[in-house]
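Q: let's see this in three dimensions:
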Amino acid sequence: MISVKEYNPSQSLAPFVDRYSSGLFNTSAEPNRSFKIIPNGCLELIIHLQELYCKLPAENRLAYTPDYMLIGMFSRAYQVHFSETVPIFSIRFKPEALPYLLRIQGGEIFESYGDIEAVLEKKFLDFCHQIREDNNVETMIARTEKFLLNILTKQKVQENYVTRAARIICNSQINNIQEISAKVNISQRQLERKFRELIGVSPKQYLRLIRIKKVIQMLEQNQSFNLTDIAYYCGYFDQAHFIKDFKHVTDQTPSSYIKERQKLI
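A: Predicted structure coming up:
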């Protein structure tokens with residue numbers, strides 16, 4: 001099925017990188033296997049470690065993914081298809097990384113994916129080639145940290161109101177866009193326009209993704225599965241609103257997610 005381990009970034013990169021991961025998809029090499037991908041409010045750089053690929057939807061068909069690809073932020077669940085066992089190493093970027101590490105706008109790759117050769121600077125392609133040659137995940141992570149920190153040291157990282165708003169949404173219990181816009185000292189209309197342009201989604205959409213991400217993390221950690229308490233802790237005061245948001249993002253109800261979570265990515 002799926003055998004993947006996740007690793008935390010260093011403290012210096014934590015504001016921009018959510019996780020590294022390494023592992024195998026479709027471990028039993030089933031010829032027609034698909035998994036549902038649950039959005040997590042991040043972008044992900046996928047490095048295929050061998051020339052064995054998966055398929056993703058592209059223009060009303062399924063297309064093989066490139067060697068190295070950047071998956072943009074998705075607002076709803078989607079399917080990935082396998083015909084072989086696929087080994088990967090990946091970097092999951094927070095949207096705050098867009099202007100500083102990736103140097104693109106989220107709207108360019110929202111709900112889509114692209115070959116990094118076409119999407120990112122050439123140095124990312126060279127970096128991915130080097131990762132493929134590494135022998136173990138520890139070496140891959142060390143190379144990744146050095147590469148990303150080198151990008152950061154060559155520029156002045158100064159948060160703008162969009163990245164500050166994104167960080168507030170991720171790190172606090174504020175569930176009101178008007179209050180968030182006041183905290184970053186910009187009008188709600190201006191924040192919504194610029195947020196969609198730079199991040200790829202509206203602040204409201206991003207807030208929904210982060211809240212559902214927190215719900216899922218708690219479901220994974222809490223075996224009692226008290227949905228009412230979890231929803232309340234993640235900022236939902238209305239059960240109907242919670243279920244509606246959960247189904248919008250994951251394409252299933254919380255109870256069906258609990259039953260099928262081992263089949264989901």
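
Q: residue 20 contacts residue 144, correct?
A: Yes. Counting by C-beta atoms under 8 Å, a contact exists between residue 20 and residue 144, whose distance comes to 6.5 Å. C-beta: built from backbone N, CA, C; applies to glycine.

Q: from residue 139, how far off is the nearest residue to residue 184 once chain neighbours are set aside?
A: Leaving aside its sequence neighbours, residue 184 sits nearest to residue 161 (C-beta to C-beta, 6 or more residues apart in numbering; 4.1 Å). As defined by C-beta to C-beta, to the nearest Å, residue 161 lies at a distance of 38 Å from residue 139.

Q: same question, residue 69
A: Summarising the geometry, the distance separating residue 69 from residue 139, computed by C-beta to C-beta, is 22 Å.

Q: quick one: the helices in this protein?
A: For the chain, applying DSSP state H gives helices covering 116-119, 122-133, 137-153, 161-171, 177-183, 188-199, 203-221, 227-233, 239-250, 254-260.

Q: so for the fifth one, mean pLDDT?
A: The predicted model assigns helix 177-183 a mean pLDDT of 90.

Q: that helix packs against which elements?
A: Helix 177-183 sits against helix 161-171, helix 188-199, helix 203-221, with contacts defined as 3 or more C-beta pairs under 8 Å, 6 or more residues apart in numbering; DSSP states H and E.

Q: neighbour-wise, which of residue 69 and residue 139 wins?
A: Neighbour totals were compared for residue 69 and residue 139, and residue 69 leads with 23 against 13 (other C-beta atoms under 10 Å).

Q: so the more buried one sits right up against residue 114, yeah?
A: Yes. The pair residue 69 / residue 114 is scored as a contact, 6.4 Å apart, by C-beta under 8 Å.

Q: any weak-confidence spans in the stretch 151-265 of the chain?
A: Where the stretch 151-265 of the chain drops to pLDDT under 70, the residues are 173, 222-225.

Q: run a quick neighbour tally on residue 220.
A: Neighbour count of residue 220, defined by other C-beta under 10 Å: 9.

Q: quick one, what contacts residue 63?
A: For residue 63, the contact set (C-beta atoms under 8 Å, 6 or more residues apart in numbering) comprises 55-57.
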